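Q: Give me coordinates for this.
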Amino acid sequence: MAQADIILRGYAGWNSRRALQVLDDIFPKNASEQPSLVIVYFGGNDSVLAHPSGLGQHVPLQEYIQNMTKIAIHLKSLSKKTRIIFLGAPPVNEAQILGNSDLLGQPLRTNESCRIYSEACLELCREMNLKAIDIWSAIQKRKDWRDVCFNDGIHLTAEGSEIVAREILKVLKEAEWEPSLHWKSMPIEFGEDSPYDPVAADGKTTKNVSREPFPENLDWD
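A: Numbers count the residues shown, from 1 in each chain. From the prediction side, this is the model:
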């Protein structure tokens, strides 16, 4: 897009414990340019059933809260312009998850454990005055969420991802941040009209599409 550079840091299977280990490497405090917005999304993997060996993704709830607190403190220290949004743990469709049980038949992932970790994240954000999104509840507002929001019971489909995107955009629109990070308020880089823009319907002029949503049939406001 012509308004922001978006960097996706998605590491498969990670939890808050592992993220904390490399936090300084991903967001060094001495960087010449600091991000305007960081969206943090941990909790689903942290909430899985603990393995008897102590290995694996599970992070005890209190440690998860401590880890997320440390992540928030670090991000808030990067710069005065850096804004933060935490996403709570998403729901899961237990029945759709392949092999969702251990040797004793206990479920490895449950929607209830996701709720507990989600609520802990949201409470932490209230205490620290951080923006937070209740993904667990937002997705389940759709009656057919179990059927359409996941491709494997855990990872989101396009429909599920669209719900998350709209919740993020809602926060960006309503947040009283200066400068605003809502897409309609942000300045456009190289947004001036150009003869190299798409040709308009009249066939004689061009049309600057820098501020138009894409795809055009989706209203992202």
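Q: for the record, mean pLDDT for stretch 131-139?
A: For stretch 131-139, the mean pLDDT works out to 98.
Q: which of the residues in that stretch are buried?
A: Buried residues in stretch 131-139, counted by 16 or more other Cβ atoms under 10 Å: 131-136, 138-139. Placement of C-beta: from N, CA and C, glycine included.
Q: contacts for that stretch?
A: 83-91, 114-115, 118, 121-122, 125-126, 145, 149, 160, 163-164, 167-168, 171, 175 (Cβ atoms under 8 Å, 6 or more residues apart in numbering).
Q: Of those residues, which belong to helices?
A: Under the assignment DSSP state H, those contribute 114-115, 118, 121-122, 125-126, 145, 160, 163-164, 167-168, 171 to helices.
Q: List only buried entries from the residues you listed.
A: Buried among those by 16+ other Cβ under 10 Å: 114-115, 118, 121-122, 125, 145, 160, 163-164, 167-168, 171.
Q: so where do the strands sit in this structure?
A: Here the chain has its strands, by DSSP state E, at 37-41, 83-87, 131-133.
Q: if we can go back for a sec, tell me which of the buried residues of stretch 131-139 is nearest to S47?
A: Comparing those against S47 with Cβ to Cβ places W136 closest, at 10.6 Å.
Q: can you pull the contacts of the closest residue in space to the closest one that isn't next to it in sequence?
A: Closest residue in space to W136, ignoring its immediate chain neighbours: S118 at 4.1 Å, by Cβ to Cβ, 6 or more residues apart in numbering. Residues counted as contacts of S118 (Cβ under 8 Å, 6+ apart) are 43, 88-90, 134-137.
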